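> pasted the sequence and its predicted model underneath.
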Amino acid sequence: MTLGSSLLVDLSDLHHTQVRPLALSDEAVPPEGSVLLAVERFGFSANNVTYANVGEAMGYWSFFPAPDGHGQIPVWGHARVVRSGHPGVAEGAEVYGFLPMATHLLVAPSAVDVRGFTDGSPHRAARAAVYNRYLLRSVDPFAAASPGPELEAVLRPLFTTSFLLEADLAQHDYHGADAVVVTSASSRTALGTAHLIATRSRRPALVGLTRADHVADTQAVGCYDRVLAYDDVPSLPIGTTTVLDLSGDGAVVADLHHRLGDALVHSSIVGATHWQAEPVDTAGLPGAPRTFFFAPEAAERLRETAGPAAVESALVAGWRSFAEVMSGWLRIRTGTGPDQVADAYRATLAGTASPRDALVLSMRT
Ligand SMILES: NC(=O)c1ccc[n+]([C@@H]2O[C@H](COP(=O)([O-])OP(=O)(O)OC[C@H]3O[C@@H](n4cnc5c(N)ncnc54)[C@H](OP(=O)(O)O)[C@@H]3O)[C@@H](O)[C@H]2O)c1
């Protein structure tokens with residue numbers, strides 16, 4: 001019997017990791033009412049680094065508790081039910097959901113139905129429902145529309161955000177803007193959003209802002225009308241503009257607000273990929289006040305206005321077309337076992353990988 005393991009990060013310095021053995025293996029018998037999941041694969045990207053950076057403020061450390069001073073970064077991916085102590089959850093079933101960077105997870109299914117179940121563990125009860133739901137892949141339309149499980153693992157949570165962000169913008173007619181400027185334009189969340197905007201018949205012009213050495217790769221996706229480097233902000237045309245900031249880079253945001261002034265009609269804080277950028281005071285900038293976008297809240301708003309079935313079918317249709325584009329652009333890079341996972345984690349922290357390289361990892365060897 002080989003015991004499992006998990007990757008912990010040091011809360012005082014995210015560069016420090018350690019591998020901790022788990023008191024779980026594929027043979028462990030879950031308590032009655034619980035289910036043992038074997039974590040088969042998960043995507044890893046800047047999104048997960050943001051979870052770590054806002055872990056304290058936004059509760060991301062509480063999903064998968066770790067010993068004092070440490071945290072388990074949540075990831076999205078696939079797991080298999082290896083042992084079931086719940087009559088409604090079959091052994092062998094494969095699920096998609098929120099997981100730790102670990103080989104195993106014990107969950108306590110509640111709200112079990114034909115589509116999946118919720119982890120009803122008390123320490124997760126206060127968190128947004130979407131994070132606690134596990135979907136059975138065998139009956140999941142999103143999985144069925146996926147070219148493969150790897151692409152799904154790495155893009156699904158990001159594309160879901162792209163979909164919600166674009167739907168929110170479209171509902172507000174892009175805030176009356178003639179252009180949308182997206183920072184960290186090479187990120188997959190940005191690309192998904194741009195792809196969806198680009199498919200609308202009436203839409204604003206799309207400008208991507210990225211690091212100079214990411215311009216060519218970003219242009220190659222083909223969804224932005226223009227792709228500029230961060231230093232090119234002074235050449236942006238001045239017209240009514242919505243800014244979607246995924247960089248969290250105060251200097252970039254300040255440059256945009258100063259350049260566009262009153263023409264900046266909507267400024268949305270979506271992400272924080274440039275987490276090592278020097279802090280800059282962004283209070284009192286010219287242009288629209290900055291507002292925070294949070295995907296789980298947007299999902300609830302959209303389901304209420306459009307209805308869950310319509311939302312799901314639009315999401316899956318959008319995913320089908322984005323997955324096709326990404327299949328020809330992204331390169332899936334796999335890593336297995338604690339050492340390769342830790343190396344991939346450090347490379348993501350540093351932001352050294354090409355935007356085209358998508359990590360699909362597993363702590364299992
Ligand atoms: N608000 C929400 O509800 C929500 C939901 C999902 C995701 N998000 C956020 O969206 C952002 C994008 O996530 P993603 O997973 O799509 O990103 P990703 O695909 O991993 O993005 C990679 C890109 O991010 C930038 N980057 C990454 N690490 C960096 C570093 N250490 N230093 C400088 N630049 C770095 C670079 O883009 P550039 O060179 O183009 O800047 C890089 O090409 C994250 O901050 C995530 O948290 C927000």
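Ah, there it is.
> wait, E150 touches V360, no?
Yes: taking CB atoms under 8 Å as the definition, E150 is a contact partner of V360 at 4.5 Å. Every residue, glycine included, has its C-beta placed from N, CA and C.
> please say which of the two ends up with more neighbours.
Per other CB atoms under 10 Å, whichever of E150 and V360 has more neighbours is V360, with 23 against 20.
> let me see the contact set for the more buried one.
Applying CB atoms under 8 Å, 6 or more residues apart in numbering to V360 gives the contacts 41-44, 150, 153-154, 332-335.
> what's the answer for S327, then?
147, 151.
> overlap in contacts, E150 and V360.
With CB under 8 Å, 6+ apart, E150 and V360 have common neighbours 41, 332, 334.
> so the first one is in which element?
Mapping R41 onto the secondary structure by DSSP states H and E places it in strand 35-44.
> please report phi then psi for the residue nearest to R203 when sequence neighbours are not counted.
Excluding its sequence neighbours, the residue lying closest to R203 (CB to CB, 6 or more residues apart in numbering) is I197, at 5.5 Å. With angles defined as degrees, to the nearest 10, I197 sits at phi -60, psi -40.
> what's the burial count for D231?
Neighbours around D231, by other CB under 10 Å: 11.
> these two touch, right, R211 and Y230?
Yes: counting by CB under 8 Å, Y230 is a contact partner of R211 at 6.6 Å.
> near the ligand, which residues of the stretch 251-365 of the chain?
Proximity of the stretch 251-365 of the chain to the ligand, by CB under 6 Å from any ligand atom, involves residues 270-274, 276, 293-295, 350-351, 355.
> so the lengthiest helix in the chain versus strand 35-44, what angle?
Secondary structure of the chain per DSSP state H: the longest helix is helix 149-171. Relative orientation of helix 149-171 and strand 35-44, computed by axes from the mean of the first three to the mean of the last three CA atoms, to 10 degrees: 70 degrees.
> so in that sheet, which strands flank the following helix or strand past helix 149-171, and in what orientation?
Once helix 149-171 ends, the next helix or strand along the chain (criterion: DSSP H and E) is strand 179-183. Here strand 179-183 is paired, per DSSP bridges, with strand 205-210 (parallel), strand 241-245 (parallel).
> mind listing residues that contact the shortest one?
Think strand 241-245. Contacts for strand 241-245 (CB under 8 Å, 6+ apart): 165, 169, 174-175, 177-184, 190, 193, 204, 252-253, 256-257, 260, 263-271, 290, 293.
> is the ligand within reach of that strand?
No: figure legend: strand 241-245 not in contact with the ligand (CB under 6 Å from any ligand atom); closest approach 9.6 Å.
> re the thing from before, avg pLDDT for the strand holding R41?
Averaged over strand 35-44, pLDDT sits at 98.
> how distant is that strand from the center of its chain?
16 Å (CA atoms, centre = their mean, to the nearest Å).
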